[in-house]
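> This is a predicted model, with the sequence first.
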Protein chains: 2
Amino acid sequence: MPNNQFKKGELYSFVTGKASTAIARRLQKKFNTATLNLTIEQWSVLYHLWKKDGISQQELCNATFRDKPSITRLVDNLEKLKLVKRVPSKSDRRMNMVFLTPEALKLQEQTMELAEETLNEALLTVPADKIEVCKEVLQIVYDNLK
Amino acid sequence: MPNNQFKKGELYSFVTGKASTAIARRLQKKFNTATLNLTIEQWSVLYHLWKKDGISQQELCNATFRDKPSITRLVDNLEKLKLVKRVPSKSDRRMNMVFLTPEALKLQEQTMELAEETLNEALLTVPADKIEVCKEVLQIVYDNLK
DNA sequence: TTTGATTAGTTGTTTAACTAACTATATGCC
DNA sequence: GGCATATAGTTAGTTAAACAACTAATCAAA
């Protein structure tokens, strides 16, 4: 009986991701309070562009763990908000390279601060070594299923 | 500096809940493969009704961590699938009590097995004591933010 | 060099989440 | 008893996810 940790009544939170939902909601509220007109999903795309600007939509799919239609529409909406710009690739005309606008660069510091703040609130009272174990387990779960 | 575990580049998975998303997707695929015409969100409502049948929509909101409009529509769709039935409360005419149909009772065993199977796949190779720590941390995160 | 398969991205449809505004019933206070 | 407030649920509008079907460009192999 390998890893049969989940008798009825315990598996629910794991499947539904109550914790990460709570974190995302809290961060969204902070964005709204700061009148940042930005969804968490849009922020997650910007997050990867701040790390590396000018990547293809396919690379954004891999980075954000979303499918192609989701990225198409997120980039659509980010373009409407004038936070990114699609630039057709010259080497491969099937590809769009997605670039940040100056507007988007301005958002990085403030939103990252709110994200760190949110995680600090979430993990207040949790000892550092337990956080490490938790991060490790979640990474393994992801690797096991992806 | 309380709990400043999250230097750039580490906070992303925590906020986006990549692990729980992966679990939910895997379970949804299992449902689809078994031609169970059921979403994970619908299943999460049935899950609580299997534990306690005939509860109000508000109780379902609390149990599933969803807001009222979400539950209204989930119950709408579950009614269309003939898996639940709204029954107006006699003691308080504002309330609907939500009851499982015989159809829905039949789904319990099979779907719970698929859910356990999914979690076993996710947690394969993770030692039991680390799973315990992880569950504990996620519960604290939830309590800190709710 | 043409044909067949693969890759990048878009569009359409259904389900769900969130916010705000709304109706109807119940409760509590004067 | 009557009025203010709170509670249960619904409706409307926007954003997003999953899936399938599609177009256009590229690549590979005969």
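Arrived safely.

> A:Phe31 versus A:Thr39, what's the distance?
Distance from A:Thr39 to A:Phe31, counting by C-beta to C-beta, to the nearest Å: 8 Å. All C-beta atoms are positioned from the backbone trio N, CA, C, and that covers glycine.

> Give the full set of residues in contact with the residue positioned nearest the centre of chain A.
Chain A has A:Ser44 as the residue nearest its centroid, 3.4 Å off, counting by C-alpha atoms, centre = their mean. The neighbours of A:Ser44, taking C-beta atoms under 8 Å, 6 or more residues apart in numbering or on different chains as the test, are A:64, B:12, B:15-16.

> Now do the buried residues in the helix or strand encompassing it.
Taking DSSP states H and E as the criterion, the element that holds A:Ser44 is helix A:40-51. Residues of helix A:40-51 classed as buried: A:40-50 (neighbour count, 16 or more other C-beta atoms under 10 Å in any protein chain shown).

> Who are the contact partners of A:Thr39?
By C-beta under 8 Å, 6+ apart, the contact set of A:Thr39 is A:28, A:31.

> Is there proximity between stretch A:49-65 and DNA strand D?
No. If you take C-beta under 7 Å from any atom of the strand as the test, stretch A:49-65 misses DNA strand D, and the best it gets is 7.6 Å.

> Just the residues contacting that stretch, thanks.
Contacts of stretch A:49-65 with the rest of the structure, by C-beta under 8 Å, 6+ apart, involve A:44-45, A:48, A:66-68, A:70-72, A:75, A:84, A:87, A:89, A:95-100, A:104-105, A:108, A:146, B:9, B:16, B:18, B:21-22.

> Among those, which lie within strands?
A:84, A:87, A:96-100 (DSSP state E).

> which pair in those spans the largest distance?
Within the ones in strands among the contacts of stretch A:49-65, A:Asn96 and A:Leu100 form the most distant pair, 13.8 Å apart (C-beta to C-beta).

> A:His98 contacts A:Lys85, doesn't it?
Let me fix one detail, which is that residue A:98 is Val and not His. Yes. Counting by C-beta atoms under 8 Å, A:Val98 touches A:Lys85, with 7.4 Å between them.

> Return the angle between stretch directions for the longest helix belonging to chain A and helix A:40-51.
Longest helix in chain A, counting residues (DSSP state H): helix A:102-123. Angle of helix A:102-123 versus helix A:40-51, following axes from the mean of the first three to the mean of the last three C-alpha atoms, to 10 degrees, is 110 degrees.

> what about helix A:102-123 and chain B, touching?
Yes. Applying C-beta under 8 Å from any C-beta of the partner chain, one finds helix A:102-123 touching chain B at A:112, A:115-116, A:118-123.

> helices or strands next to that helix in the packing?
Applying 3 or more C-beta pairs under 8 Å, 6 or more residues apart in numbering or on different chains; DSSP states H and E, one finds that helix A:102-123 contacts helix A:18-33, helix A:40-51, helix B:11-16, helix B:128-145.

> Please see if it touches DNA strand C.
No. Helix A:102-123 does not reach DNA strand C (C-beta under 7 Å from any atom of the strand); its nearest approach is 14.0 Å.

> next one: stretch A:26-46
Yes. On the criterion C-beta under 7 Å from any atom of the strand, stretch A:26-46 is in touch with DNA strand C at A:28-29, A:32.

> which SSE is A:Asp92 in?
Following DSSP H and E, there is no helix or strand that holds A:Asp92.

> Return the residues in contact with it.
Counting by C-beta under 8 Å, 6+ apart, A:Asp92 makes contact with nothing.

> And the pLDDT at it?
Note on A:Asp92: pLDDT of 95.

> again, but for the one 3 residues further on
At A:Met95, the pLDDT value in this model is 96.

> Identify the residue spatially nearest to it, adjacent ones excluded.
Excluding the flanking residues, the one nearest A:Met95 by C-beta to C-beta, 6 or more residues apart in numbering or on different chains is A:Ser89, at 3.9 Å.
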